[in-house]
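Asks: A predicted structure for the sequence below; I have some questions about it.
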Amino acid sequence: MRPILSLAALALAATAVRADPPRVVTDIPPVHSLVATVMGELGTPELLLPPGGSTHGHQMRPSEAAALSGAELLFWIGPELSPWLEEAADSLARGVTSVPLIAVEGTHLRVIGETDEHDHHDHDTHDHEGHADAHEDEGDHDHEDGHEEDHEHGHGPDDGHDHEDGHDHDDAHDGHGTGGHHTGDGHDHTGVDPHAWLDPRNARIWLPEIAHRLAEADPANADAYRVNAERAMQDLADLSAEIEARLEPLDGGYIVFHDAYGYFSDRFGLPPAGAVSDSEATAPGARRIADLRREAEEEDIRCLFTEPQFDGRIAQRLAEELDVTVGVLDPVGSTFDPGPALYGEMLRAMAGSIAECLAE
């Protein structure tokens, strides 16, 4: 009987599934939200950057370091946004599968300081050259078309492409082609604006990739991850149409405190007239403040938008000098409760703040 029992045990082992979901960590709240959406009720990812933390420099707490060292999957924007996380992963989590979303094939990228000069009232028909534009399927809410377009990039959870687990942090999607500002080569994109999550087209491209990576680590739940990703893609298409409808009728100018909103304005139009500080969130100098005064006088500037992590007193003093209203934009969702709903709430709130300001 012993040989028979041994064979039975082997058969059970071959069909056994993992009892726990993969251990997943994420960098910022918007990425955490997308991953949590795909994981659904199967598990909850860890968020490394706490509310109010700076993406540009973060000292990890012991609990965060422990979460990273025990992780199987790391979903993050990439070293362009969080170089501190690249260093931490290299030293603490050598076996982790690193998925820098900014390197996913088809991601719409832009250069820091780049201006999309199209008229925001014409963004239904323009075509960003070389970009993975899912805008047409968002406008008509056709889920099948939108899903099919996104999967043309080869990101689908069941597309059969081969990713090595535990790959080096520098090899993400090595060999994917680029076109225009698309990326997939995993190289160092000098000058690339890292705030790519503010374009929901990118989120819709990332969702199938997230599902695929989760399915690799947890094949038994591959279908659930795929279904969750597809549902979220349709939700984002609906959200994009909602935001577009709200911003479309508006005119007027505004200034932002931090040059982080190019992806949002590329997608929805209505770009800011200027930024108080550059993409690294440095403090403005006297020359920059003088330039802002001149811009406010020459253009119809109505608002100055600061961010939760910046000193509101500086923004208030500058707004008084420029004779504009102060508002708040939260591009990393630091004031929202982490979870699946955060990504949509964050974009909806940004659109609402801009609309309320310019409608006055």
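Replies: On my side now, so go ahead.
Asks: other SSEs contacting the longest helix seen in the chain?
Replies: Among the elements of the chain assigned as helix by DSSP state H, the one spanning the most residues is helix 222-247. Here helix 222-247 is seen to pack against helix 29-39, helix 135-140, helix 143-151, helix 200-217, helix 262-268, helix 342-359 when contacts are counted using 3 or more C-beta pairs under 8 Å, 6 or more residues apart in numbering; DSSP states H and E. Just so you know, the C-beta spots here come from the backbone N, C-alpha and C atoms, and that holds for glycine as well.
Asks: now these as a markdown table including mean pLDDT, mean neighbour count and distance to Gly53?
Replies: Written out in a markdown table, the entries for the helices and strands packed on helix 222-247 read as follows (pLDDT from 0 to 100; neighbours: other C-beta atoms under 10 Å; distance: least, C-beta to C-beta, whole Å):
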| stretch | mean pLDDT | mean neighbour count | distance to Gly53 |
| --- | --- | --- | --- |
| helix 29-39 | 98 | 26 | 10 |
| helix 135-140 | 40 | 18 | 31 |
| helix 143-151 | 40 | 18 | 30 |
| helix 200-217 | 98 | 26 | 21 |
| helix 262-268 | 95 | 24 | 21 |
| helix 342-359 | 95 | 19 | 15 |
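Asks: including distance to Gly333, could these go into a markdown table?
Replies: Compiled in a markdown table, the helices and strands packed on helix 222-247 are given as follows (distance: least, C-beta to C-beta, whole Å):
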| stretch | distance to Gly333 |
| --- | --- |
| helix 29-39 | 4 |
| helix 135-140 | 21 |
| helix 143-151 | 23 |
| helix 200-217 | 12 |
| helix 262-268 | 13 |
| helix 342-359 | 4 |
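Asks: among the ones you listed, which is nearest Phe305?
Replies: Of all the helices and strands packed on helix 222-247, it is helix 342-359 that lies closest to Phe305, at 6.9 Å by C-beta to C-beta.
Asks: so who does the nearest residue to Pro331 once chain neighbours are set aside touch?
Replies: By the measure of C-beta to C-beta, 6 or more residues apart in numbering, the closest residue to Pro331 outside its immediate chain neighbours is Ala260, 5.0 Å from it. Contacts for Ala260 were tallied using C-beta atoms under 8 Å, 6 or more residues apart in numbering; they are 193, 195, 198, 279, 331.
Asks: what number of residues lie near the first one?
Replies: The one in question is Asp193. Asp193 has 24 neighbours, counted by other C-beta atoms under 10 Å.
Asks: now do the domain split for the protein, please.
Replies: The record's domain parsing of the chain by automatic domain parsing lists 22-244, 250-359.
Asks: which of those domains comes out lowest on mean pLDDT?
Replies: Set side by side, the domains of the chain differ in mean pLDDT, and domain 22-244 is lowest with a mean of 75.
Asks: next structured bit after the strand or helix carrying Arg288?
Replies: Secondary structure from DSSP states H and E places Arg288 in helix 286-298. Counting by DSSP H and E, the next helix or strand C-terminal to helix 286-298 is strand 301-306.
Asks: so what strands line up beside that next one?
Replies: strand 253-258 (parallel), strand 325-328 (parallel) (DSSP bridges).
Asks: dihedrals phi and psi, Gly53?
Replies: Here the main-chain torsion angles of Gly53 (degrees, to the nearest 10) amount to phi -70, psi 160.
Asks: just give the nearest non-adjacent residue to Ala217, would you?
Replies: The spatially closest residue to Ala217, leaving aside those adjacent along the chain, is Pro22, at 3.9 Å (C-beta to C-beta, 6+ apart).
Asks: the one you found contacts Leu74, correct?
Replies: No - with contacts defined as C-beta atoms under 8 Å, Pro22 does not count as touching Leu74, sitting 11.0 Å away.
Asks: which of the two has more neighbours?
Replies: Each of Pro22 and Leu74 has its neighbours counted (other C-beta under 10 Å); Leu74 has more, 26 against 20.
Asks: residues contacting the more buried one?
Replies: Contacts were defined as C-beta under 8 Å, 6+ apart; by that measure Leu74 touches 24-27, 68, 85, 89, 93, 96-99.
Asks: as CSV, those residues with neighbour count, distance to Glu216 and secondary structure would be great.
Replies: Written out in CSV, the entries for the contacts of Leu74 read as follows (neighbours: other C-beta atoms under 10 Å; distance: C-beta to C-beta, whole Å; DSSP: H, G, I helix; E, B strand; the rest coil):
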residue, neighbour count, distance to Glu216, secondary structure
Val24, 28, 12, strand
Val25, 26, 16, strand
Thr26, 27, 17, strand
Asp27, 25, 20, coil
Leu68, 21, 19, helix
Leu85, 28, 21, helix
Ala89, 22, 18, helix
Ala93, 22, 17, coil
Val96, 23, 13, coil
Thr97, 22, 8, strand
Ser98, 24, 13, strand
Val99, 26, 10, strand
